[in-house]
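Undergrad: The sequence and its predicted three-dimensional model are supplied below.
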Amino acid sequence: MKTLIFTFALLGMSHALFAFDITHYRKTLIAIDNQMEAVHEDVVALSQLSDFFSDENAEYQEYLISKFNNTHNFVGADIYEMQHLLTVNQKLVRKLITIAKNHPNSMIEIASNVVLINQAQLFFNQFYHADGRVRRVLKAALKSIVIDDERVHKWRNDVEVIEDLAHDNKFFLSLEKISKSDNRELAKIISDKKIKAKDINFGNHGYVDSFFGAINGTYGYVNSLMTNIVGDTRTRNGRLFNNDQMKLILKHKLKPLDVLMCSSPFTLAGLAIPGRFDHGAIYLGTEAQLKEIGMWNNPSIIPYHADIEAGRVILDNVRSGVKLNDLEHFLNIDEVLVMRRDHELEDIDRMAFQYKIGLEQVGKKYNYTFDILKLNKLLFTELIYLVYNTDEFPNRKRLGHLTMYPNDIVKILFKENSPFKMILYIEGSKNNQLNVVDKVVLQKRI
């Protein structure tokens, strides 16, 4: 029988960063998700899947705690998998609830409920009781995918079913009367996984409150309102706008997956963003470039062939949301900085994942709360944060949220042994001239 009350041996762990393969974990979650689709109403198979899920999560939880203990930044893949973890768990929970409802007054119902309460308790112990820092970041991630997707009632109904079951004395009494002769496999599941009512521990504020907590969206609403009022208001056009020479330079210099950082101090919406740089985007590459690196016929790229052929080669996050932009519209700015990571185009598997993650964001809305945990809405820098899976990017707290400013991305150019290099930095002048700025000047400006 699995130990249901999580041991806190981790509290005495050394502060070495726990070795963890986040890519393998992602693939495991995808495999579990796919297997759930094939399981249908097989409680035995779901019970085994629940065990496998919990075993994998134990290592992920240890990895999260070691990140906190070592003050390492969360990288885009960490945040992405937090939300993936939560959705896979909820699918498992929902499937067990559905099976129990479809088989009332049967061994299948009882076994489903036993696996359900067991899974809920173990998941709660792993991610909500093990460490307060993990609990806070998971709750923020949960709120972002539930509240903003307007599915709170479905998620809340599921956790309320679990809480009701945890307080159902008749259910726990019925477990003691199960006969092995009824159904050996189901009886074994019930025997192995049953929990006594006194051992249920969902926290002082109840299972539902612990999952959802108080939601304060005031800042996001106010910021959204202000940004929408000023909208794309500009006091003038950018100094690189309609500059054919600038477009020609970029067409010759840019390589796939380059980072483009820009400054446009004449936009009112950007005034709330600290630092010289107020925006960032990702260069996808032309058809010829994508063919050269073996990405043109990648499944993530194929749906966007027409866009890329039409010159929409920049993955951009603007007030209207994430979209593919062209150089003409993107260059309505004063300054552009191109950054490139060493050996970026040498690992085809890594590139495939980067394009997959990046293009999955197309169509998502802009995030006015500046919270990098909100993956259903993205802030200005979050595309770069998600695509470039590196802890070089520093996270910071702003109004209780984890966030990252455009200037933070630029500053990694000056870190010792930084994998990112400055390719070019050009500013436009009032008389439409282009000034090439060197790295020394850039460092002084930021």
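TA: Received, thanks.
Undergrad: residue boundaries of the helices in the stretch 51-200 of the chain?
TA: Along the stretch 51-200 of the chain, the segments classed as helices by DSSP state H, counting those that start in this stretch run 76-102, 107-124, 132-147, 152-166, 169-175, 184-193.
Undergrad: Identify whichever of the ones you listed lies nearest to residue 286.
TA: Closest approach to residue 286 among the helices of the stretch 51-200 of the chain (CB to CB): helix 76-102, 25.0 Å. Any C-beta I mention is one placed from the backbone N, CA and C, and that applies to glycine too.
Undergrad: Now the closest one: buried residues?
TA: By neighbour count on 16 or more other CB atoms under 10 Å, the buried set for helix 76-102 is 76-90, 92-97, 99-100.
Undergrad: now for that helix, which elements pack on it?
TA: Contact partners of helix 76-102 among helices and strands, from 3 or more CB pairs under 8 Å, 6 or more residues apart in numbering; DSSP states H and E: helix 22-39, helix 43-69, helix 107-124, helix 132-147, helix 152-166, helix 382-387.
Undergrad: do you know which of these lies nearest residue 444?
TA: With CB to CB as the criterion, residue 444 lies closest to helix 382-387 of those, at 23.1 Å.
Undergrad: Output the contacting helices and strands for that closest one.
TA: Secondary-structure packing of helix 382-387 (3+ CB pairs under 8 Å, 6+ apart): helix 76-102, strand 279-283, strand 314-318, helix 348-360.
Undergrad: what element comes up after the longest strand along the chain heading to the C-terminus?
TA: Longest strand of the chain, by residue count under DSSP state E: strand 420-428. Sequence-wise, the next helix or strand downstream of strand 420-428 (DSSP states H and E) is strand 434-436.
Undergrad: residue contacts, the residue lying closest to residue 315 once chain neighbours are set aside?
TA: Nearest non-adjacent residue to residue 315, counting by CB to CB, 6 or more residues apart in numbering: residue 282, 4.3 Å away. Residues near residue 282 by CB atoms under 8 Å, 6 or more residues apart in numbering: 257-260, 314-316, 358, 383-384, 387.
Undergrad: Determine which two of those residues are furthest apart.
TA: Farthest pair in the contacts of residue 282 (CB to CB) is 257 and 316. Separation: 14.2 Å.
Undergrad: domains of this protein?
TA: Annotated domains of the chain cover 9-215, 234-445 [automatic domain parsing].
Undergrad: Tell me how far residue 326 lies from residue 359.
TA: Separation of residue 326 from residue 359 (CB to CB, to the nearest Å): 16 Å.
Undergrad: Which one of these two is surrounded by more residues?
TA: Applying other CB atoms under 10 Å to residue 326 and residue 359 shows that residue 359 carries more neighbours, namely 20 against 15.
Undergrad: Wasn't residue 322 part of a strand?
TA: Yes: under DSSP: H, G, I helix; E, B strand; the rest coil, residue 322 falls within a strand.
Undergrad: Please shift the residue numbers so they start at 740 in all later answers.
TA: That works, and once the first residue is 740, the last one we named lands at residue 1061.
Undergrad: per-residue pLDDT, it?
TA: Note on residue 1061: pLDDT of 90.
Undergrad: Now do stretch 1020-1028: distance from first to last residue.
TA: Using CA to CA, to the nearest Å, one end of stretch 1020-1028 lies 18 Å from the other.
Undergrad: and it, how far from the chain's centre?
TA: Here the centre of stretch 1020-1028 is set off from its chain's centre by 23 Å, with CA atoms, centre = their mean, to the nearest Å.
Undergrad: Quick check, residue 929 in contact with residue 915.
TA: No: contact criterion CB atoms under 8 Å: residue 929 and residue 915 do not qualify, at 10.0 Å.
Undergrad: where exactly do the strands run in the stretch 890-1039 of the chain?
TA: Counting by DSSP state E, counting those that start in this stretch, the stretch 890-1039 of the chain has strands at residues 998-1002, 1018-1022.
Undergrad: Restricting to C-alpha, output the first one in PDB.
TA: Spelled out, that is strand 998-1002. What follows is strand 998-1002, C-alpha atoms only, in PDB (Å, rounded to 0.1, in the frame of the first residue of the first chain):
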ATOM      1  CA  VAL A 998      15.300  37.200 -30.200                       C
ATOM      2  CA  LEU A 999      14.300  40.700 -31.100                       C
ATOM      3  CA  MET A1000      14.100  43.200 -28.300                       C
ATOM      4  CA  CYS A1001      12.800  46.700 -29.100                       C
ATOM      5  CA  SER A1002      12.200  50.200 -27.600                       C
END
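Undergrad: So which other helices or strands are in contact with that strand?
TA: Contact partners of strand 998-1002 among helices and strands, from 3+ CB pairs under 8 Å, 6+ apart: strand 1018-1022, strand 1074-1080, helix 1145-1150.
Undergrad: got CSV for the ones you listed, with distance to residue 1043 and mean pLDDT too?
TA: Shown next, in CSV, are these (distance: least, CB to CB, whole Å; pLDDT from 0 to 100):
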stretch, distance to residue 1043, mean pLDDT
strand 1018-1022, 13, 93
strand 1074-1080, 22, 96
helix 1145-1150, 24, 89
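Undergrad: deepest of the helices of the stretch 790-939 of the chain, which one?
TA: Most buried of these, by mean neighbour count (mean count of other CB atoms under 10 Å): helix 846-863, with a mean of 24.
Undergrad: Could you figure out how far that helix is turned away from helix 891-905?
TA: Here helix 846-863 runs at an angle of 110 degrees relative to helix 891-905 (axes from the mean of the first three to the mean of the last three CA atoms, to 10 degrees).
Undergrad: one step back: mean pLDDT lowest for which of the helices and strands packed on helix 815-841?
TA: Minimum mean pLDDT among the helices and strands packed on helix 815-841: helix 871-886, a mean of 74.
Undergrad: From the chain's centroid, how far away is it?
TA: Distance of helix 871-886 from its chain centroid, counting by CA atoms, centre = their mean, is 11 Å.
Undergrad: do stretch 1116-1124 as well
TA: Chain-centre distance of stretch 1116-1124: 10 Å, with CA atoms, centre = their mean.
Undergrad: outside of it, which residues touch it?
TA: 814-815, 818, 883, 887, 998, 1012, 1017-1021, 1054-1056, 1061, 1097, 1100, 1103-1111, 1125, 1132, 1142-1145, 1147-1148.
Undergrad: distance between the ends of it?
TA: First-to-last residue span, stretch 1116-1124, CA to CA: 13 Å.
Undergrad: Then stretch 833-852?
TA: The straight-line separation of the ends of stretch 833-852 (CA to CA) is 11 Å.
Undergrad: From residue 1094, how far off is the closest residue to residue 1087 other than its chain neighbours?
TA: Leaving out its chain neighbours, the residue that sits closest to residue 1087 by CB to CB, 6+ apart is residue 1033, at 5.7 Å. Counting by CB to CB, the gap from residue 1033 to residue 1094 is 11 Å.
Undergrad: More neighbours: the two, which one.
TA: Ranked by neighbour count (other CB under 10 Å), residue 1033 and residue 1094 place residue 1094 first, with 24 against 12.
Undergrad: Touching, the more buried one and residue 1038? I think so.
TA: No: assessed by CB under 8 Å, residue 1094 is found out of contact with residue 1038, at 9.3 Å.
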